[in-house]
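In: dropping the sequence and predicted coords here.
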Amino acid sequence: MKILFNSFLLSLLLSSSLFAQSVKKVNSHKMEGKKVFETYCWGCHHQTAMAFGPSFEEIASKRDTNEIRAMITDPVAVSKVFGYKRNAMPAFTDLKPEELDAITSYIVSFKSNYKIMENK
Ligand code: HEC
């Protein structure tokens, strides 16, 4: 019993430190996502306002992670699936997997903002 309890405590400790680590990761992830955004997307997308393409707030409100990733790497096919009549967004096939992850979570992070705006 005691051994069981100890291993329970140990796993609690382990998971809380893992949690702390992943919180740190999320923060640096967000920075990286912003960098990718400023480097590649800013000309056509803005965080909150419609530009040449839709705002990240709007995208986050209607797409999930997989859809966003798919659009970034294969806009020709995915813009059709999304119902666009034409595709004006270039494909970003040279992004590193970490960059793709980072920009995707950066976009998704605008989801809650959109709801708040809608309620106003
Ligand atoms: C040359 C302008 C341009 C650039 C640069 C660009 N986009 Fe787009 N994007 C568009 C346009 C225009 C659309 C609307 C669909 C279309 O025309 O293909 C769009 C659509 C999207 C969509 C889907 C919108 C929806 O309906 O959900 C996502 C996601 C997206 N862009 C992400 C990005 C990301 C991430 C980057 C940077 C890595 C980026 N875009 C760079 C022009 C651009």
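Out: Cool, got the structure. Only a predicted model underlies this, so the values are computations on that prediction, with no experimental measurement involved. Numbering: from 1, shown residues only.

In: need the contact list for the residue most central in space within the chain.
Out: With distances taken as C-alpha atoms, centre = their mean, the residue of the chain nearest its centroid is S105 (1.6 Å). Taking C-beta atoms under 8 Å, 6 or more residues apart in numbering, we find S105 in contact with V26, H29, K30, G33, T65. Glycine gets a C-beta too; all of them are placed from N, C-alpha and C.

In: again, but for I59
Out: Going by C-beta under 8 Å, 6+ apart, the list of residues near I59 reads H45, I68, I107, F110.

In: burial of K34, as a residue count?
Out: With neighbours defined by other C-beta atoms under 10 Å, the count for K34 comes to 16.

In: can you check the pLDDT for it?
Out: K34 is assigned a predicted lDDT (pLDDT) of 95.

In: secondary structure class for it?
Out: Under DSSP: H, G, I helix; E, B strand; the rest coil, K34 falls in the helix class.

In: ok, it to E99 distance?
Out: Look at K34 and E99: by C-beta to C-beta, to the nearest Å, they are 11 Å apart.

In: repeat for M89
Out: 17 Å.

In: and the ligand, which of the contacts of I59 reach it?
Out: For the ligand, the contacts drawn from those by C-beta under 6 Å from any ligand atom are H45, I68.

In: just among the contacts of I59, which is most surrounded?
Out: Of the contacts of I59, with other C-beta under 10 Å as the count, I107 tops at 26 neighbours.
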